[in-house]
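>>> sequence? don't have it. structure:
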């Protein structure tokens, strides 16, 4: 039983013996690099005496108030969730994504459980299934504007064994966003086969201003509150507030399910230090920095559209901060871009499960637009310079 | 499949309807309350800009240097472990204790694995077995100066299925300390049956100055370096430096095992924010506050000896900050102390597995001496006042 391999380790090995053709520009790692709000350091310094006591696993009053306020405001919940549901702080959404599967397993008590996950996948989904020794079942996220998969392609027997489906909206790396109808269709499936929807909404605030904010799981759940019993929603400050290094997120859901999760987390999970809870509360209370963050990504997507659009057609997704470009051979193009342009991208096939055509990442490369504008522009221009002649050749060959 | 219940939740229910007989004094929760070193807040404030990037899962250079220096100094390793082994930062030792079991399972690949744990137990041990769906096997920690259990009382078949044995030295709540011979006997067993020793040494720095520092797993491993392949040592700043609220610990072991753990943790575990790694490094570099911390506990144990010694005989353990007192009926005494004296203790039977005489906590109460000296003295005096007449009665009845 071997833990799954990191795509970044695999990428490192692929490029190990290839010298970069120019000073490296790294588009491979999706780590936010914009500035976090300036008040964070101040709040932490002011509350630093609170690094002493064990932090309450449920979060302190400031955190609970601010996180509920944010959910209420962001998803126009009119106070519904504050009454109907519960939330907990996480030490970043990653550990929460992983530990949620333990609660789902315990809660549902299915034998031979399966863990479904959106494919391409976030590594933590696969590793979560590994932790509890459950079968992981990749579920292809379709190309196009909707991330809703074709559940009919999955055997009913597998769906019945499912305890959870990890589903991102905005999806990563596609950047597609679930519509209200998508959420309803997903909730129908979860209720029919009795599994949890793990709504990974960590990119929820990284949307194009022109597209507007993605509909969230909770705002659709409000229209059919009974589904809350099979919904676990996760969010994070890593992308929203560029606080990846602070490790704070939230998990939200049905009061009883979250209560069970709280009891479990109180025995196994890392609590969030109180000063970081205070800083998180301040971050949730502020939207100015979040809008500025979006503006910076929008600028970079405009540059990508200008530079790569002529080669690839429209490249801008509704959400997230990645390009997901169609190429002939993602491994070969990754090597070429590194060798000829010093540009590091990640081959789509490393971000998805499956062999050959079953792997939805085959023939895709992911470009994370996290670096400053000028660096992104430079990298995109180098990519275009390398790829344009090759793509013209292919076109010519195809006649 | 239900997650195990917290002993504190159970205690809350037991005392829910009983009014305290005096302003409450809480001896039930073992949360450190002495002051952390004053430099912590300053280091965090000075490095607060480092809350931005994702922290490296292996820890940064400062953390690695300081943690290795501390291990080397504390266990007089002469640089051996720095060469022979590896360590990682943890978000507190609790999550590390839990996630280590995943690595042990993956590494050993035994079918139908069993997880052995010292009984009385720390809740995380039991929950770790629960997380991976393995059988948890309590192993009675004997009374007396040695925490080494009688492995011959465990079926060889069970020992062969074991992937790990959670073992605390100082043990909690007994406070007994493993000798060099104990560690060797334990390592012999681990090698014979091919399981990991999870050496939970989070109380390693809380020892009586008169007893001297407990021998550590690593310093004994140095005498037989091949055992490092089956040893995972965990430590924490929660007790040593009163930084429970900062959530920083370490896990140390064989380079390859820790390498596998690093890869797994990179996919599922919470990283330690960089400013907290810097603060931890500063804490590891300083022993003055650790000695002062011990002095404060020593004072409280002297008070306990003075106040309770006449009733119970010697009560001071070699390590830890708890008293583990023999009583007739731990549940009844817990209720009595709360009702008559407002003193909250925790019944030993809630801290251990097993029914009746098989439960090593039956007939014991745990008193955590974490409150300030005056409060501890007051609580101990109230306990003596309530218990002395009852114990005299029992004595008289026994003739």
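Structure's in. What do you need? As the structure is a prediction and not an experimental result, all values here were calculated from the model.
>>> CA atoms for contacts and neighbours, from now on please.
OK.
>>> Any figure for the gap between residue A:71 and chain B?
Per CA to the nearest CA, to the nearest Å, residue A:71 is found 23 Å from chain B.
>>> That residue against residue A:78, yeah?
No: counting by CA atoms under 8 Å, residue A:71 stays clear of residue A:78, with 9.8 Å between them.
>>> Quick one, grab the pLDDT at the residue lying closest to residue A:30 once chain neighbours are set aside.
Spatial nearest neighbour of residue A:30, excluding adjacent residues (CA to CA, 6 or more residues apart in numbering or on different chains): residue A:368 at 5.3 Å. pLDDT for residue A:368: 98.
>>> next one: residue A:314
Per-residue pLDDT puts residue A:314 at 97.
>>> Next, the contact list for the closest residue to it other than its chain neighbours, please.
Excluding the flanking residues, the one nearest residue A:314 by CA to CA, 6+ apart is residue A:305, at 6.5 Å. With contact set as CA atoms under 8 Å, 6 or more residues apart in numbering or on different chains, residue A:305 has these partners: A:314, A:315, A:316.
>>> Make sure residue A:305 is indeed in a helix.
Yes: looking at residue A:305 with DSSP: H, G, I helix; E, B strand; the rest coil, it is inside a helix.
>>> From chain B, how far off is it?
Distance from residue A:305 to chain B, by CA to the nearest CA: 28 Å.
>>> now residue A:345
On the measure of CA to the nearest CA, residue A:345 and chain B end up 19 Å apart.
>>> got a list of what that residue touches?
Counting by CA under 8 Å, 6+ apart, residue A:345 touches A:26, A:27, A:28, A:334, A:337, A:338, A:365, A:366, A:367.
>>> Which ones among those residues map onto helices?
A:334, A:337, A:338 (DSSP state H).
>>> Closest to residue B:138 out of those?
When the ones in helices among the contacts of residue A:345 are ranked by distance to residue B:138 (CA to CA), residue A:334 comes first, at 52.2 Å.
>>> quick one: that closest one and residue A:347 touch, right?
Yes: the criterion here is CA under 8 Å, and residue A:334 meets it with residue A:347 at 6.1 Å.
>>> Of these two, give the one with the bigger neighbour count.
residue A:347 (28 against 24; other CA atoms under 10 Å in any protein chain shown).
>>> so how far is residue A:14 from that one?
Taking CA to CA, to the nearest Å as the measure, residue A:347 falls 10 Å from residue A:14.
>>> Model confidence score at residue A:279, please.
98.
>>> ok, now residue A:6?
In this model, residue A:6 carries a pLDDT of 82.
>>> Between its first and last residues, how far does stretch A:359-375 reach?
31 Å.
>>> Checking the residue lying closest to residue A:184 once chain neighbours are set aside next. Helix, strand or coil?
Spatial nearest neighbour of residue A:184, excluding adjacent residues (CA to CA, 6+ apart): residue A:220 at 7.2 Å. Three-state assignment for residue A:220 (three-state DSSP): helix.
>>> avg pLDDT for whichever strand or helix holds residue A:164?
For residue A:164, the host element (DSSP states H and E) is strand A:162-168. Averaged over strand A:162-168, pLDDT sits at 98.
>>> Distance from whichever helix or strand comes after it to the middle of the chain?
Next along the chain after strand A:162-168, taking DSSP H and E as the criterion, comes helix A:180-193. Offset of helix A:180-193 from its chain centre (CA atoms, centre = their mean, to the nearest Å): 20 Å.
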